[in-house]
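[1] Whatever this is, show me its structure:
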Amino acid sequence: MGLFKTNTNLLINIRLAEIDDIKSIQNLNHKWTITSLDDIDKEHGFLFCEEYQLEDLIKTVEANEIAVAIFEDNLVGYYINDNYSHLLEKNKLGIEKSKQLGLIMPEARVSKRTQIVVEKEFQRLGLPSAMLDFIKPYLTPKYDFLFSIGRNDNPKRIAHEKAGWKVIYEDEFNYYCIYDLTTNNG
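    Model (predicted):
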């Protein structure tokens with residue numbers, strides 16, 4: 001558990017997710033899926049995916065692969081590394097293609113799906129980096145890279161790249177990116 005002081009002097013508690021956090025994670029996930037947003041809200045980023053199921057999140061929490069940001073007893077962000085859900089087929093194909101193209105070493109250990117969500121009022125305060133820094137010690141023994149797929153029209157692409165994510169290829173609809181835990185391990 002760690003306290004993170006934002007650039008606006010808010011104190012945010014960053015910690016591993018617990019089973020009791022799952023409903024709040026699901027609510028935040030639902031809130032940011034593209035089908036739940038008005039067009040005006042999409043400028044703050046969005047998720048283009050199915051929502052997490054309870055069983056998937058339980059496995060991920062038990063594996064210590066979710067960091068959460070808590071402010072005044074409210075979950076305001078999460079950094080999830082999903083390696084257990086039913087949603088991973090597209091990501092597995094993207095990772096396999098990356099290995100075939102030589103963009104990721106064939107023997108690399110890759111976390112299949114990373115997703116970062118922060119409430120709009122808490123964006124631009126450094127929470128994604130703080131959550132990643134917190135969870136890295138739990139991930140680096142298991143993975144060399146984190147992998148994520150974003151939609152080309154997601155305005156948060158630049159923020160991902162500034163945070164150390166590298167776009168390794170893109171197609172008509174999506175960009176595919178990795179975070180190298182072997183070189184960015186704080």
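[2] Kindly provide the distance from the residue nearest to the spatial centre of the chain to I19.
    The central residue of the chain, meaning the one whose C-alpha is nearest the mean C-alpha position (CA atoms, centre = their mean), is Q115 at 2.3 Å. Taking CB to CB, to the nearest Å as the measure, Q115 falls 19 Å from I19. In this view, the C-beta of every residue, glycine as well, is placed from N, C-alpha and C.
[3] hmm, back to that, which residues does the residue nearest to the centre of the chain form a beta bridge with?
    With beta bridges defined as DSSP bridges, Q115 has these partners: I80.
[4] any chance you could map the helices in the protein?
    Secondary structure of the chain (DSSP state H): helices at 22-32, 54-62, 89-100, 127-139, 157-162.
[5] Deepest in the core, which of these is it.
    Highest mean neighbour count of the helices of the chain: helix 127-139, a mean of 20 (counted as mean count of other CB atoms under 10 Å).
[6] Can you pull out the low-pLDDT segments for this structure?
    Under the criterion pLDDT under 70, the flagged ranges of the chain are 1, 34-50, 185-186.
[7] rerun that using 50 as the cut-off
    Along the chain, segments meeting pLDDT under 50 span 36-38, 40-42, 44-45, 186.
[8] who does A69 bridge with?
    Going by DSSP bridges, A69 forms beta bridges with I14, G77.
[9] Quickly note the distance from it to E170.
    The span separating A69 from E170 equals 29 Å under the rule CB to CB.
[10] again with L75
    Here the criterion is CB to CB. By it, L75 lies 31 Å from E170.
[11] Quick check on these two: which one has the bigger neighbour count.
    Between L75 and E170, L75 has the larger neighbour count (other CB atoms under 10 Å), namely 19 against 14.
[12] Provide a list of residues in contact with the more buried one.
    D21, S24, I25, L28, V68, A69 (CB atoms under 8 Å, 6 or more residues apart in numbering).
[13] these two touch, right, Q115 and I80?
    Yes: in this structure, Q115 sits in contact with I80. The criterion is CB atoms under 8 Å, and the distance is 5.0 Å.
[14] mind exporting stretch 85-95 as CSV, just the C-alpha atoms?
    Coordinates of each C-alpha in stretch 85-95 appear next as CSV, following Å, rounded to 0.1, in the frame of the first residue of the first chain:
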residue,chain,number,x,y,z
SER,A,85,-10.7,-13.8,-18.7
HIS,A,86,-12.8,-15.0,-21.6
LEU,A,87,-11.9,-11.8,-23.4
LEU,A,88,-8.4,-12.6,-24.5
GLU,A,89,-8.6,-14.2,-28.0
LYS,A,90,-7.9,-11.0,-29.9
ASN,A,91,-5.0,-10.2,-27.6
LYS,A,92,-3.5,-13.6,-28.0
LEU,A,93,-3.6,-13.3,-31.7
GLY,A,94,-2.0,-9.8,-31.5
ILE,A,95,0.8,-11.2,-29.3
